[in-house]
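Participant: what shape does this take:
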Amino acid sequence: MPLHRLAAPLLLTTLALAGCAGGPPAPRPWAEVAAREFNLVLGSAVVQGRRVAVTRSGQASGPLPVVVYLPGLGQAADAGQRWAAAWALAGYAVLTVQPLEEDAAAWRSALARTGEFRALGELHYGQGLRDARLAALQRLLPELQASPMLAGAALDWQRSAIAGYEIGAQTVLDLAAAPGGWRPRAAIAISPPPMTTAGTAPPLLVVTSDTDGDALGLVRDPAERRRAFEQRPAGSAWLLHPPGLTHAALSGTLAPDGWHEQDLHRGREGGPPVSMEQRGQGQRGPAGGVPRGPRSGSATEAAQADLREAMRLSTAFLDAQLRGAAMPASPMLTPR
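Facilitator: Numbering: from 1, shown residues only. The predicted structure follows:
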């Protein structure tokens, strides 16, 4: 079996089973796990004042097809490690960047500190920052594409895609519909807000679930996140709908090391304890979604088979659009 077909199960199993017997060991930094267990190469570069994280396989050679990944609200370029690792193990160079500092610092803002989370969401999803985010990305992309190398990775921009989570997914859909500029060959919108896209956009994969909630109250029903898929022309979009995954789990972001021990308390009456950091980033904000079961976005939750399959199918979508492979059949995958 090819290495990349084993990548997602191996990745999630390793992250989820860190110390099942005899108490949890001290969590290891992601950079160490990525290098030692998955032979991933992590690098970064600063472009127009924004940090761009680069994830690629140490076994890949030659110019690599590119996936530009845009993280969600309150997340920086080190977010979305699970998605980035799965795609990198399949032979892609994943470039993660948060175009606006305002988005990266959202959970340190005055609105967040005073608990005005709906207002925070309205600000960052609103037209002003939405336009600014797209403009910042459009300024950044030509400089990224001007060099065939970035942080040691040889890049093939002729085979490129864009992906994003949450506000990143909103920008993915905006970029795909924008006239002129870079035209990616595929787009992946993970947990997007309710919005439409132009019919001229590239092939689109929308990833959401029946429990993809929104603690800000901006999305009334998780089904609303399917709107971009439902309004696309026939044959141009797919819906990936793994059941039961929270908004946070879909972010693909590893939990902070301090949550490692709490991750093991699954099933205790009343649920896991809630830290102040989680209150800002999880329980009441879009980066964490609605609490459900084990800690939202934790290694325990992310180890579910549904997320492994979502990672596999998203990789298959990239392979189909960028490498000419066939789209697989799956109960989780609905074509438009």
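Participant: wasn't Trp87 part of a strand?
Facilitator: No. With DSSP: H, G, I helix; E, B strand; the rest coil as the criterion, Trp87 is assigned helix and is not in a strand.
Participant: where's it relative to Ile188, distance?
Facilitator: Taking C-beta to C-beta, to the nearest Å as the measure, Trp87 falls 9 Å from Ile188. Every C-beta, even on glycine, is put in place using the N, C-alpha and C of the backbone.
Participant: what touches both of those two?
Facilitator: Taking C-beta atoms under 8 Å, 6 or more residues apart in numbering as the criterion, Trp87 and Ile188 both touch 314, 318.
Participant: restricting to C-alpha, output stretch 191-204 in CSV.
Facilitator: This file holds the C-alpha atoms of stretch 191-204, laid out as CSV (Å, rounded to 0.1, in the frame of the first residue of the first chain):
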residue,chain,number,x,y,z
SER,A,191,-16.5,24.5,7.9
PRO,A,192,-17.3,27.6,5.8
PRO,A,193,-19.9,30.2,6.8
PRO,A,194,-23.2,30.2,4.8
MET,A,195,-22.2,31.9,1.5
THR,A,196,-22.5,31.4,-2.2
THR,A,197,-19.7,31.1,-4.8
ALA,A,198,-19.4,32.0,-8.5
GLY,A,199,-20.0,29.3,-11.1
THR,A,200,-16.6,29.9,-12.6
ALA,A,201,-14.8,28.8,-9.4
PRO,A,202,-12.5,25.8,-9.5
PRO,A,203,-13.7,22.3,-8.4
LEU,A,204,-14.7,22.6,-4.8
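Participant: list the contacts of the helix or strand encompassing Val68.
Facilitator: With secondary structure defined by DSSP states H and E, Val68 is part of strand 64-70. With C-beta under 8 Å, 6+ apart as the test, strand 64-70 has contacts from 56, 80, 83-84, 87, 91-99, 137, 141, 144, 153-157, 159-165, 167-169, 171-172, 184, 318, 322-323.
Participant: in strands, which of those appear?
Facilitator: Counting by DSSP state E, the contacts of strand 64-70 place 56, 93-97, 153-157, 159-165 in strands.
Participant: in the stretch 151-300 of the chain, which spans are strands?
Facilitator: In order along the chain, the stretch 151-300 of the chain carries the following strands (DSSP state E, counting those that start in this stretch): 153-165, 186-190, 204-207, 237-240.
Participant: so which of the ones you listed gets nearest Leu333?
Facilitator: Each of those has some distance to Leu333 by C-beta to C-beta; the shortest is strand 237-240, at 5.7 Å.
Participant: give me the contacts around the closest one.
Facilitator: Outside of strand 237-240, the residues that reach it under the criterion C-beta under 8 Å, 6+ apart are 203-208, 226, 228-229, 310, 313-314, 317, 327, 332-336.
Participant: now the strands of the stretch 151-300 of the chain in a markdown table, with mean neighbour count and distance to Pro222?
Facilitator: Conversion of those to a markdown table gives the following (neighbours: other C-beta atoms under 10 Å; distance: least, C-beta to C-beta, whole Å):
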| stretch | mean neighbour count | distance to Pro222 |
| --- | --- | --- |
| strand 153-165 | 22 | 15 |
| strand 186-190 | 27 | 13 |
| strand 204-207 | 27 | 12 |
| strand 237-240 | 23 | 12 |
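Participant: now the angle from the host helix or strand of Leu313 to strand 153-165?
Facilitator: Leu313 is located in helix 305-323, with elements delineated by DSSP H and E. Angle, helix 305-323 to strand 153-165, by axes from the mean of the first three to the mean of the last three C-alpha atoms, to 10 degrees: 130 degrees.
Participant: okay, the angle between helix 305-323 and strand 64-70?
Facilitator: Orientation of helix 305-323 against strand 64-70 (the same axes, to 10 degrees) gives an angle of 130 degrees.
Participant: and helix 305-323, average pLDDT?
Facilitator: Helix 305-323 carries an average pLDDT of 93.
Participant: how about stretch 134-154?
Facilitator: Across stretch 134-154, pLDDT averages out at 94.
Participant: could you list the residues in contact with that stretch?
Facilitator: By C-beta under 8 Å, 6+ apart, the surrounding residues in contact with stretch 134-154 are 41, 43-45, 47-48, 50, 52, 54, 56, 62-64, 68, 70, 93, 95, 97, 99-100, 155, 157, 171, 174-175, 178, 181-182.
Participant: are any of these buried, and which?
Facilitator: The neighbour-count test (16 or more other C-beta atoms under 10 Å) marks 41, 44-45, 47, 50, 52, 54, 56, 63-64, 68, 70, 93, 95, 97, 99-100, 155, 157, 171, 174-175, 178, 182 as buried among these.
Participant: can I get the buried part of the contacts of strand 237-240 as one ChimeraX selection?
Facilitator: In ChimeraX, selecting the buried portion of these, with burial taken from 16+ other C-beta under 10 Å, looks like this:
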select :203,204,205,206,207,208,226,228,229,310,313,314,317,327,332,333,336
